[in-house]
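[1] Test case, fold it:
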Amino acid sequence: MNKNITFLAFLFGVFALSSCGKTTTINTNMELTGKWELQSIVQNSDTIKKPALAKGQMPVSLHFKEKGELEGTSSTNILTGFYETAQQNTIQMGGGGTERAETQWGNLFVNAIPNVNLYDLKMNKLVLYYENNNQLIFSRVQ
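    This next block holds a predicted model:
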């Protein structure tokens, strides 16, 4: 429980972003706004695929709304907050959420989110980059 409280303090707490790392150009026809569901995580060149949901679990998702509002779910928690994008595909997110114990999949997500500093959009795919080109890969659901 203590670990989850610590996680939530960092998860959507304001965190600084750097402009180093992968940068790409976004096609202006593609929008970040909408709901995205986490499909896989790339850590140290290993790809971890989304597991099947067990009873009582939620899909890991982020919903980027207009005016910088952000909602989401981890495997067991509801998240709310804000986001802001800038030049060279940088992104900053902040906020908070509930405090229930996470699944292993949920922990991978919540431990990565505070370190996200860049994003890329390709068709219906959103990639959030963190720590040495590790990736959270989402697909658009809405």
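
[2] do you know how far the residue most central in space within the chain is from residue 128?
    Nearest to the mean C-alpha position of the chain, counting by C-alpha atoms, centre = their mean, stands residue 113 at 5.2 Å. The spacing between residue 113 and residue 128, counted by C-beta to C-beta, to the nearest Å, is 8 Å. Heads up, the C-betas are built off the backbone N, CA and C, glycines and all.

[3] Overlap in contacts, these two.
    residue 136 (C-beta atoms under 8 Å, 6 or more residues apart in numbering).

[4] Quick check: residue 107 is in a helix.
    Yes. Assessed with DSSP: H, G, I helix; E, B strand; the rest coil, residue 107 lies in a helix.

[5] Which other helices and strands does the longest strand belonging to the chain contact?
    Ranked by number of residues, the top strand in the chain under DSSP state E is strand 34-43. Strand 34-43 sits against strand 46-49, strand 61-64, helix 104-112, strand 134-140, with contacts defined as 3 or more C-beta pairs under 8 Å, 6 or more residues apart in numbering; DSSP states H and E.

[6] looking at these, which is buried most?
    strand 61-64 (a mean of 20; mean count of other C-beta atoms under 10 Å).

[7] before we move on, back to that, columns distance to residue 124 and mean pLDDT on top of the helices and strands packed on strand 34-43, output as CSV?
    Converted to CSV, the helices and strands packed on strand 34-43 look like this (distance: least, C-beta to C-beta, whole Å; pLDDT from 0 to 100):
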stretch, distance to residue 124, mean pLDDT
strand 46-49, 18, 96
strand 61-64, 14, 96
helix 104-112, 19, 92
strand 134-140, 4, 97
